[in-house]
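Engineer: With the input below, show me the fold.
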Amino acid sequence: MQSRIRFVVSDVARFSPVSNRTLVLCKPDAVERGLVGEIISRFERKGLTLAGVKMLTIDRELARRHYAEHVEKGFYPELEDFITRGPVVALAVQGPDAPAVVRLMMGVTNPAEAAPGTIRGDLGILFTENLVHGSDSPESAARELNLFFPEL
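Structural biologist: The predicted structure is shown next:
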């Protein structure tokens, strides 16, 4: 099934080193709850910029490629059902140390344990539906950005 994709690449993307970019996915719960604008605003207020933005529905093949390290784990079927249930907004976020900065801003995976002031701490509700995904390292960022933004 081919999904409709809206894509924007900023001019600034041409001038930023790839190592300072990271992938953020605003997951289906963030889209459903109308929190995408709030999430993007937090990154922009921090001084990060968007090199690309896409809204798409992740199919099962892309989910398996994106979450390859989790496919054999017991929780994976529920994760795949969640990430494919509706639209996500993929962001190519850039700025100094973007992977690390974004991870700090997101907070720990479990919203109940995430610090106030973080995206998950302020806005998250469920461990299994925690609003955002962010690449966990520059290496993961490069791999994941290639899946969602091969044109960058």
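Engineer: does Val89 count as helix, strand or coil?
Structural biologist: strand (DSSP: H, G, I helix; E, B strand; the rest coil).
Engineer: So the nearest residue to it once chain neighbours are set aside versus Gly74, what's the distance?
Structural biologist: Counting by C-beta to C-beta, 6 or more residues apart in numbering, Val89 lies nearest to Cys26, which is 4.1 Å off, once chain neighbours are set aside. Heads up, the C-betas are built off the backbone N, CA and C, glycines and all. In this view, Cys26 and Gly74 are 26 Å apart by C-beta to C-beta, to the nearest Å.
Engineer: The two: which is more packed in?
Structural biologist: Cys26 (25 against 7; other C-beta atoms under 10 Å).
Engineer: What are the neighbouring residues in contact with the residue nearest to His66 when sequence neighbours are not counted?
Structural biologist: Leaving out its chain neighbours, the residue that sits closest to His66 by C-beta to C-beta, 6+ apart is Leu147, at 5.8 Å. Residues counted as contacts of Leu147 (C-beta atoms under 8 Å, 6 or more residues apart in numbering) are 23, 62, 65-66.
Engineer: May I ask which helix or strand encompasses Leu147?
Structural biologist: helix 138-148 (DSSP states H and E).
Engineer: Low-confidence regions, this protein specifically.
Structural biologist: 1-19 (pLDDT under 70).
Engineer: in it, which spans are strands?
Structural biologist: For the chain, the strands defined by DSSP state E cover 6-9, 21-26, 49-56, 88-94, 132-134.
Engineer: wait, which of these is closest to Asn110?
Structural biologist: strand 132-134 (13.1 Å; C-beta to C-beta).
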